[in-house]
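Student: with the sequence up front, the predicted model follows.
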Amino acid sequence: MTKEKVVIALGGNAIIREGEEGNIHQQFKNTRASLGGILNVIKDGYEVAITHGNGPQAGNMLIRTEEGVKKGVPDRPLGVIVADTEGGMGYMIEQSLQNRLHQEGMDKDVVTILSQVVVDPEDPQMKNPSKPVGPFYSKNEAEKHEEEKGWNIVEDAGRGYRRVVPSPIPQTVVEKNTIEKLVNSGTVVIAAGGGGIPVYYDDKGNLEGIDAVIDKDFASAVLALEIDAKILVISTGVEKVAINFGKENEQFLDEMTVKDCRKYLEEGHFPPGSMGPKIKAAINFLENGGEKVYITLPEKIEDALKGKTGTLIKK
């Protein structure tokens, strides 16, 4: 039985699947289905922290917020929306995993920690936002939001207009010491959901929220380093990473080095909106003390750690 620490990053799309309405019953069903691989990793003796994305869930909440504003309900900043989804999704993952552990006769604590993640208010992204969030708008609606709310709006691949917000690089997780103590004690911790709640330190050393979102793979890499986990698992919608993805000469990769990752990024194999952030997060993790990164499907996580599938990235 291993006692190695591992951070496992679940994609938000694993919980709201493409083509689904995304109601709460579907989300619970998908959450339960996505935890089989993690359960086996826990049974194998790994000390586990779980992170997760929240893109579809935050998008839905932004739509609800906008509809509420039309009826006089106060607006909600992005940081609070991230906190809300972090709590709600953490609850789904926590309860679903507690039930699976109970069914297996395993006495193990699971806890969700709302995580604040520190960013630099002078990050270049704060002045040049690029992360699309929320619903699509017509040109007239977009212009109205730009004028009335000061939003940055861009056209999104011919599908309409969307708000773009800053996505600054995460620096540290505020609750890292508590998370590390709990993981070291054998508790399964769910943290840094949706990349964590973006905050910064003001000139008096106080924490303040900031209107931004953080990439969950980058935040997962930071958390893994800060709790001294040597392994990072990024679960996604493919079993292995591929170059020339979707083309006739598509090639799935069993292993890559950091050098390979940089080469393939430069060649354009890993686009910014899909595999790119995951590969960049892997590079950051490995160059700052991490040892192994695995990318695979949620249900294949145990097999990936045993070297049976997935893509392994090493220094």
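Tutor: Sure, I can see it. Residues are numbered from 1 along each chain as shown.

Student: show me where the stretch 151-300 of the chain has its helices.
Tutor: Listed in chain order, the helices of the stretch 151-300 of the chain (DSSP state H, counting those that start in this stretch) span 176-184, 216-226, 258-266, 276-287.

Student: so the last one versus helix 216-226, what angle?
Tutor: This points to helix 276-287. Orientation of helix 276-287 against helix 216-226 (axes from the mean of the first three to the mean of the last three CA atoms, to 10 degrees) gives an angle of 10 degrees.

Student: distance between helix 276-287 and the chain's centre?
Tutor: 13 Å (CA atoms, centre = their mean, to the nearest Å).

Student: list the buried residues for it?
Tutor: Buried residues in helix 276-287, counting neighbours by 16 or more other CB atoms under 10 Å, are found at 276-286. Where C-beta positions appear, they are placed from N, C-alpha and C, glycine not excepted.

Student: what's the domain layout of this protein?
Tutor: 1-121+173-229, 130-165, 239-314 (the TED database).

Student: show me what contacts Gly134?
Tutor: 59, 62-63, 66, 162-163 (CB atoms under 8 Å, 6 or more residues apart in numbering).

Student: what's the closest of these to Val119?
Tutor: Arg163 (18.7 Å; CB to CB).

Student: beta partners of the closest one?
Tutor: Listed by DSSP bridges, the beta-bridge partners for Arg163 are Val133, Ile153.

Student: who touches it in this structure?
Tutor: 132-134, 145, 151-153.

Student: ok, which stretches of the stretch 1-150 of the chain are strands?
Tutor: 5-10, 47-52, 110-113, 116-118, 131-137 (DSSP state E, counting those that start in this stretch).

Student: any chance of those strands in TSV, with mean pLDDT too?
Tutor: Shown next, in TSV, are the strands of the stretch 1-150 of the chain (pLDDT from 0 to 100):
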stretch	mean pLDDT
strand 5-10	96
strand 47-52	97
strand 110-113	98
strand 116-118	98
strand 131-137	84
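
Student: so which of the ones you listed comes closest to Lys70?
Tutor: Checked against CB to CB, the stretch from the strands of the stretch 1-150 of the chain lying closest is strand 131-137, at 13.2 Å.

Student: ok, how many other residues are close to Glu146?
Tutor: 15 (other CB atoms under 10 Å).

Student: check contacts around the nearest residue to it once chain neighbours are set aside.
Tutor: Counting by CB to CB, 6 or more residues apart in numbering, Glu146 lies nearest to Ile153, which is 5.3 Å off, once chain neighbours are set aside. Ile153 is in contact with 137, 142-143, 145-146, 161-164, counting by CB under 8 Å, 6+ apart.

Student: and Ile153, how far from Met256?
Tutor: Computed as CB to CB, to the nearest Å, the Ile153 to Met256 distance reads 37 Å.

Student: and what of Gly268?
Tutor: For Gly268 relative to Met256 (CB to CB), the value is 16 Å.

Student: higher neighbour count, these two?
Tutor: Met256 (21 against 9).

Student: residue closest to the middle of this protein?
Tutor: For the chain, the residue nearest the mean C-alpha position is Lys216 (2.8 Å; CA atoms, centre = their mean).

Student: that one contacts Ile50, doesn't it?
Tutor: No - here Lys216 does not reach Ile50: they are 11.2 Å apart, not a contact under CB atoms under 8 Å.

Student: quickly list what's touching both of the two.
Tutor: Ala9.

Student: ok, what's across the strand from Val199?
Tutor: Applying DSSP bridges, one finds that Val199 bridges with Val118, Gly209.

Student: begin at 833 from here
Tutor: Noted, 833 is the first residue going forward, which turns the last one into Val1031.

Student: hmm, it is touching Leu946, no?
Tutor: No - the pair Val1031 and Leu946 does not pass the contact test of CB under 8 Å, sitting 11.4 Å apart.

Student: confidence-wise, which of the domains of the chain is weakest overall?
Tutor: When the domains of the chain are compared on mean pLDDT, domain 962-997 scores lowest, with a mean of 85.
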